[in-house]
Each structure stands twice: as C-alpha cells, then as structure tokens.
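Participant: need coordinates for the following:
(2 chains)
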Amino acid sequence: DAKTTQPPSMDCAEGRAANLPCNHSTISGNEYVYWYRQIHSQGPQYIIHGLKNNETNEMASLIITEDRKSSTLILPHATLRDTAVYYCIVRVYVNRDDKIIFGKGTRLHILP
Amino acid sequence: ETGVTQSPTHLIKTRGQQVTLRCSSQSGHNTVSWYQQALGQGPQFIFQYYREEENGRGNFPPRFSGLQFPNYSSELNVNALELDDSALYLCASSLQGQYQETQYFGPGTRLLVL
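Facilitator: Coordinates of the predicted model:
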C-alpha cells in the first residue's frame, strides 16, 4: 500500500501558485519523498525529490516539514499545461529494491 | 523527453492470446521496471530487471514474465490474456548503483483485450 495521503482533487487559477499537500506520517529516516505527475495517460513525469531539506528545480519546489511527516509541492506559476494527476511517493532504496508504490494522487485542475 | 521509448503505442488482442511489449531504456541506464496502470488507478509495479536478472516482483501471476537484454532494453510478455489485463503498460529506466536513482518513464503501451 502507498504510504502517502493526498487530496483527490484541487483547483488552482492560472498564474497563481499551486500548493499540493501530501501526508506521509509513517515515513522512515532513509525514505525519500518523490513527486511525479501524469498528464492524460502519458507516462509519469518526474518532478522533484528530497530527503530532509527543501528542494527547488526548474519545475517546482518541495517543502518538507521538519518532522518529515508531510510535504508540499509548489508550482510557482501554474499554467493550463500543469493540469495533471500529481503523485506523492515515499521511496526507500535497500539492496537495489527500487519499486515505486503509487497511490491515487491528486488531480490538479488549472482554471483559466 | 526522457529517452525511454516503448513499442507498440497501442495494441488490441483477444482473450487467451499472448502479447510482447518492448522498452528501450535511457542511455546509460541499467535497470528497467514495468508497471501496469488500469483506468483511473495509479500504476502498479509488475517487476524490475537489473543486469538481465529479475530484481523484485509485485503481486502479478507467473503469466507475466520479462526479459532484459545486454543493451538493457527489455520485454514484457503476458500469456493467456484476460480481459482485466487491459491497461496502460509503463516501463521506467534508471541507473542503479550504490545510491537511489530516479526512475524515468516511457510513454506507455495501451493494451486492449477483447
């Protein structure tokens, strides 16, 4: 089972920041938080990942709480092309065990 | 674009038939993972191949099998197709070593079983 909880859907106005929450209260010390998104039945697209510190790349920012029990993905200026299902995933890599367990994700609608 | 390619893009089969799906991994990657995504659900892990050997398997029956070739490309074979096998099949490639590496997904193959 997925170790994360996400709201099933969210709306965000175009041009505004989209803040997608994720709860992972049972996360272990060696588990990373990953975010992927999937646009209309295409393959999932990697967005960002982190362990403890906040991370930023050209697509998004990832804010992880100090206790690591929750995180927020921030798309700073949402566009219509950001409409997708966003998956928050907790991953551990032990002895090359590297499967990803997906939950149901959050369906993000960007409103014009 | 991730550099991971899959073929074919779409496929229609009938119950009881066999199917082979193909995946070319991103340059420099040595690991391929396969996932099944039913309509409206998140992807589910089928199995993973690392250096031509199966390296982990999800809750799928033995009629789901795979191969990885020396160039790290991979095949997913499904025998005795059932209607519930209709899904989007995704492969993801990664470079496995001492540390965790990101998996990058291909565009998927959509299989319809009639």
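
Participant: chain center to the helix or strand of chain B with the lowest mean pLDDT, what's the gap?
Facilitator: The weakest-scoring helix or strand in chain B, judged by mean pLDDT, DSSP states H and E, is strand B:53-57 (a mean of 89). Here strand B:53-57 is found 12 Å from its chain centre; the criterion is Cα atoms, centre = their mean, to the nearest Å.

Participant: show me what it packs onto, helices and strands only.
Facilitator: Applying 3 or more Cβ pairs under 8 Å, 6 or more residues apart in numbering or on different chains; DSSP states H and E, we find strand B:53-57 packed against strand B:44-50. All C-beta spots, glycine's among them, are computed from the backbone N, C-alpha and C.

Participant: and the strand it packs on, does that touch chain A?
Facilitator: Yes. Interface with chain A: strand B:44-50 contributes B:44-45, B:48, B:50 (Cβ under 8 Å from any Cβ of the partner chain).

Participant: what about the residues you listed, which one has the most neighbours?
Facilitator: residue B:48 (29 neighbours; other Cβ atoms under 10 Å in any protein chain shown).

Participant: for the closest residue to that residue other than its chain neighbours, list each beta-bridge partner.
Facilitator: The shortest distance from residue B:48 to any non-neighbouring residue, by Cβ to Cβ, 6 or more residues apart in numbering or on different chains, is to residue B:33 (4.3 Å). Counting by DSSP bridges, residue B:33 is bridged to residue B:48, residue B:92.

Participant: residue B:33 contacts residue B:45, doesn't it?
Facilitator: Yes. If you go by Cβ atoms under 8 Å, residue B:33 and residue B:45 touch, sitting 6.8 Å apart.

Participant: so what sits against both of these two?
Facilitator: Residues touching both residue B:33 and residue B:45 comprise A:99-100, with contact defined as Cβ atoms under 8 Å, 6 or more residues apart in numbering or on different chains.

Participant: with pLDDT and distance to residue B:15 added, can I get the residues of strand B:44-50 next to chain A in TSV?
Facilitator: Shown next, in TSV, are the residues of strand B:44-50 next to chain A (pLDDT from 0 to 100; distance: Cβ to Cβ, whole Å):
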residue	pLDDT	distance to residue B:15
B:44	94	21
B:45	92	25
B:48	92	28
B:50	89	33
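
Participant: now stretch B:60-76: buried residues?
Facilitator: Buried residues in stretch B:60-76, counted by 16 or more other Cβ atoms under 10 Å in any protein chain shown: B:64-66, B:68, B:72-76.

Participant: now for those, which pair is the farthest apart?
Facilitator: B:64 and B:72 (19.8 Å; Cβ to Cβ).

Participant: so what's the residue count around the residue nearest to residue B:48?
Facilitator: Look at residue B:33: counted by other Cβ under 10 Å, it has 28 neighbours.

Participant: check contacts around it.
Facilitator: Contact partners of residue B:33, counting by Cβ under 8 Å, 6+ apart, are A:98-100, B:45-49, B:91-94, B:103.

Participant: now do residue B:77
Facilitator: Going by Cβ under 8 Å, 6+ apart, the list of residues near residue B:77 reads B:18-21, B:64-67.

Participant: again, but for residue A:51
Facilitator: Residue A:51 makes contact with A:32-33, A:64, according to Cβ under 8 Å, 6+ apart.

Participant: kindly tell me how buried residue A:37 is, as a neighbour count.
Facilitator: For residue A:37, the neighbour count with other Cβ under 10 Å is 23.

Participant: who in chain A is up against chain B?
Facilitator: Residues of chain A lying close to chain B (Cβ under 8 Å from any Cβ) are A:2, A:32, A:34, A:36, A:41-46, A:49, A:87, A:91-93, A:96-105.
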